[in-house]
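[1] how would this look folded up:
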Amino acid sequence: MMLGVERLLVDPELRKPLEGKRVALVAHPASVTYHLTHSLDALAEMGIRITAAFGPQHGLRGDKQDNMVESPDFIDPVHEIPVFSLYGEVRRPTGQSMSTPDVVLIDLQDLGCRIYTFITTLLYMLEAAAEHGKEVWVLDRPNPAGRPIEGLTLRPGWESFVGAGPIPMRHGLTLGELGRWFVDHFKLDVDYRVIEMENYRPDEGPGFGWPADRIWVNPSPNAANLNMARCYAGTVMLEGTTLSEGRGTTRPLELFGAPDIDARAIIGIMHETAPQWLNGCILRDISFEPTFHKHVGQLCSGVQIHAESDLYDHQAFKPWRLQSLAFKAIRKLFPDYEIWRDFPYEYAFGKLPIDVINGSPLLRLWVDDLSAEPGDLDAITLPDERAWEEDRRPYLLY
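    Next up, the predicted model:
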């Protein structure tokens with residue numbers, strides 16, 4: 001299997017349209033080749049005229065640990081080019097930064113989840129390129145969550161930096177494919193091109209989207225491994241709750257817990273309520289003590305989700321439903337438990353973070369309604385998932 005950037009590096013015909021043009025690269029620490037050479041270095045080595053770079057959330061260097069921690073602009077000390085932050089004073093590329101290239105190459109490792117902000121950065125770059133008459137090429141990379149679709153579609157009026165458009169939580173597209181959908185859906189007049197991967201087979205095991213021979217490099221500080229990527233469409237919702245998502249541990253966004261819950265009892269209620277939502281993985285009750293972030297220094301009772309090894313069933317695993325079910329179990333066991341946090345998540349003021357994350361209040365209302373059953377959530381979610389299955393079909397490249 002060859003990544004988009006690797007094909008560009010080895011094929012002079014693919015690079016030919018870049019001759020004589022100023023090129024900018026949107027990248028992060030996981031923007032590497034098979035031999036772990038960073039794309040910025042590899043492209044410059046091939047003689048491509050790199051005049052600027054852009055860093056998404058967490059920065060080009062991936063040094064910002066938490067959400068809502070901004071990165072500054074800086075001058076790259078090796079290539080002596082400006083590096084513009086797209087998660088600092090601005091989220092959208094400015095006229096000044098867009099004056100530096102003729103072509104923008106986007107080489108970002110995504111996680112296949114609507115809330116992962118790199119897809120919003122892709123959309124904002126496409127919109128800026130359309131405004132300023134620039135070309136955009138996506139150097140495509142695998143979606144480690146694979147092709148399955150899951151979750152509610154973002155409702156009108158709930159757009160945010162973690163909600164670029166009306167897509168479900170787990171969209172099942174590569175970044176290049178999603179860019180094609182963005183161009184059509186938002187009717188963008190932009191010269192857009194995907195440098196496709198070669199021999200990418202997202203439906204084949206054991207990786208189901210992530211080739212087994214590829215080294216994992218964190219695309220963001222807490223995206224530590226493939227198991228996290230598989231769980232993320234569910235565990236990311238923990239950012240809108242008082243429960244720890246495992247930040248401050250060695251397995252962030254693969255587990256959840258708090259000092260005042262009973263993990264074993266929660267797992268039991270989950271199995272009683274909707275065992276069909278727990279297929280494809282194993283849940284294990286654990287104890288952990290975060291070294292920073294929520295419940296720092298406190299012993300937490302928690303649950304770890306194992307979606308790995310031969311115990312994993314790619315088609316059966318439903319991380320969004322699993323995490324939703326965990327919230328429901330807590331609500332059943334502790335009706336007055338304060339699950340939901342209230343702060344301007346990703347600068348979305350006046351809305352609960354859990355609603356911003358899900359693109360509507362529908363999931364929260366289902367959790368808080370003690371009479372609501374799993375079938376009630378399926379009734380509003382399945383139509384969204386089926387509609388997206390059809391909507392995305394023309395944009396699939398693999």
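
[2] could you pull out the helices for the stretch 51-200 of the chain?
    In the stretch 51-200 of the chain, the helices defined using DSSP state H, counting those that start in this stretch lie at 95-98, 118-132, 175-185.

[3] Lys328: how many residues sit nearby?
    As a burial measure, Lys328 scores 25 neighbours (other CB atoms under 10 Å). Heads up, the C-betas are built off the backbone N, CA and C, glycines and all.

[4] ok, now Asp260?
    13.

[5] ok, now which ones touch the closest residue to Glu308 other than its chain neighbours?
    Excluding the flanking residues, the one nearest Glu308 by CB to CB, 6 or more residues apart in numbering is Asn227, at 4.7 Å. Listed by CB atoms under 8 Å, 6 or more residues apart in numbering, the contact set of Asn227 reads 254, 305-308.

[6] closest to Leu8 out of the helices of the stretch 51-200 of the chain?
    Leu8 sits nearest to helix 175-185 of all those, at 12.5 Å, using CB to CB.

[7] check which residues of the closest one are buried.
    Residues of helix 175-185 classed as buried by neighbour count (16 or more other CB atoms under 10 Å): 175-183, 185.

[8] which residues in this structure form strands?
    Secondary structure of the chain by DSSP state E: the strands cover 23-26, 50-55, 74-75, 82-85, 103-106, 135-139, 191-195, 255-258, 282-288, 300-306.

[9] please produce CSV containing those, extended by distance to Ala212.
    Listed next are these as CSV, based on distance: least, CB to CB, whole Å:
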stretch, distance to Ala212
strand 23-26, 27
strand 50-55, 29
strand 74-75, 36
strand 82-85, 33
strand 103-106, 25
strand 135-139, 21
strand 191-195, 23
strand 255-258, 24
strand 282-288, 21
strand 300-306, 18
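
[10] for these, which one sits closest to Glu346?
    Closest to Glu346 of the strands of the chain, according to CB to CB: strand 82-85, at 15.6 Å.

[11] related to what we said a few turns ago, dump the helices of the stretch 51-200 of the chain to JSON lines, plus distance to Asp11 and mean pLDDT.
    Compiled in JSON lines, those are given as follows (distance: least, CB to CB, whole Å; pLDDT from 0 to 100):
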{"stretch": "helix 95-98", "distance to Asp11": "27", "mean pLDDT": "93"}
{"stretch": "helix 118-132", "distance to Asp11": "23", "mean pLDDT": "98"}
{"stretch": "helix 175-185", "distance to Asp11": "16", "mean pLDDT": "98"}
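
[12] can you get me a residue count around the closest residue to Phe317 other than its chain neighbours?
    Leaving aside its chain neighbours, Phe317 sits nearest to Gly280 (3.2 Å; criterion: CB to CB, 6+ apart). Using other CB under 10 Å, the number of residues around Gly280 comes to 18.

[13] hmm, back to that, which of the buried residues of helix 175-185 lies closest to Lys332?
    The closest of those, once distances to Lys332 are taken by CB to CB, is Leu178, at 36.5 Å.

[14] name all residues that make contact with the closest one.
    Contacts for Leu178 were tallied using CB under 8 Å, 6+ apart; they are 110, 119, 122, 167, 171, 395.

[15] which residues are in contact with Ile357?
    By CB under 8 Å, 6+ apart, Ile357 lies in contact with 115, 162, 236-237, 239-240, 345.

[16] same thing with Met125?
    Contacts of Met125 by CB under 8 Å, 6+ apart are 26, 54, 86, 93, 104, 106, 136.
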